[in-house]
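> sequence and predicted structure below; questions after.
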Amino acid sequence: MTATSGTLIQNTSTLLSSSSSSMSSSSIFTNYPLICAFLAFAVAQSIKFFTSWYKERQWDIKQLLGSGGMPSSHSATVTALATAIGFQEGFGGALFATVLILACIVMYDATGVRLQAGRQAEVLNQIVYELPAEHPLAESRPLRELLGHTPLQVIAGGLLGVITAVVGHLITLATS
């Protein structure tokens, strides 16, 4: 064994023992970024649920877990996670940079690929609807049309996520 590999093994051992002791003192239930992300998702989906009821005067349970609509729960979730990690680990670190880039990719995808897929589903559903009854595809199940988000829905979700993380951070500061 060389001196370099011996040092590497020693450093790895030290790292593992320190991370296992820090894991035992923390819990998934006290993980501030994770809680903020879940809370932002729940608030966004609840807003969709109650907005749907207000518009249509009937409860649509699918709104609690469905994608699409105002605000974007994907955007709320990833911005809450990124902001909370920024508060906890620092906005200048590699971890924040990583989650920020991933959040941007998720939000870009919501307004790009997923939005266009939803619009294509609308066109395809209309084509299938206009097929003669004897056509083999005439009885096919319609495609989901509400997949993506408009830029406004993504921005609203992003703001909701940031607000959720800021409120969570203020609560954390007040209780510590």
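Received it, and whenever you're ready, just let me know what you need.

> Ala84 - how many residues pack around it?
When neighbours are defined as other Cβ atoms under 10 Å, Ala84 has 29 of them. Glycine gets a C-beta too; all of them are placed from N, C-alpha and C.

> from here on, call the first residue 58.
With the count now opening at 58, the last piece we talked about shows up as Ala141.

> contacting residues for it?
89-90, 93-94, 222, 225-226 (Cβ atoms under 8 Å, 6 or more residues apart in numbering).

> most neighbours, which of those?
Of these, with other Cβ under 10 Å as the count, Cys93 tops at 30 neighbours.

> ok so, going back, could the contacts of Ala141 be laid out in JSON lines, adding secondary structure and pLDDT?
Shown next, in JSON lines, are those (DSSP: H, G, I helix; E, B strand; the rest coil; pLDDT from 0 to 100):
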{"residue": "Tyr89", "secondary structure": "helix", "pLDDT": "91"}
{"residue": "Pro90", "secondary structure": "helix", "pLDDT": "94"}
{"residue": "Cys93", "secondary structure": "helix", "pLDDT": "95"}
{"residue": "Ala94", "secondary structure": "helix", "pLDDT": "95"}
{"residue": "Ala222", "secondary structure": "helix", "pLDDT": "96"}
{"residue": "Gly225", "secondary structure": "helix", "pLDDT": "93"}
{"residue": "His226", "secondary structure": "helix", "pLDDT": "94"}
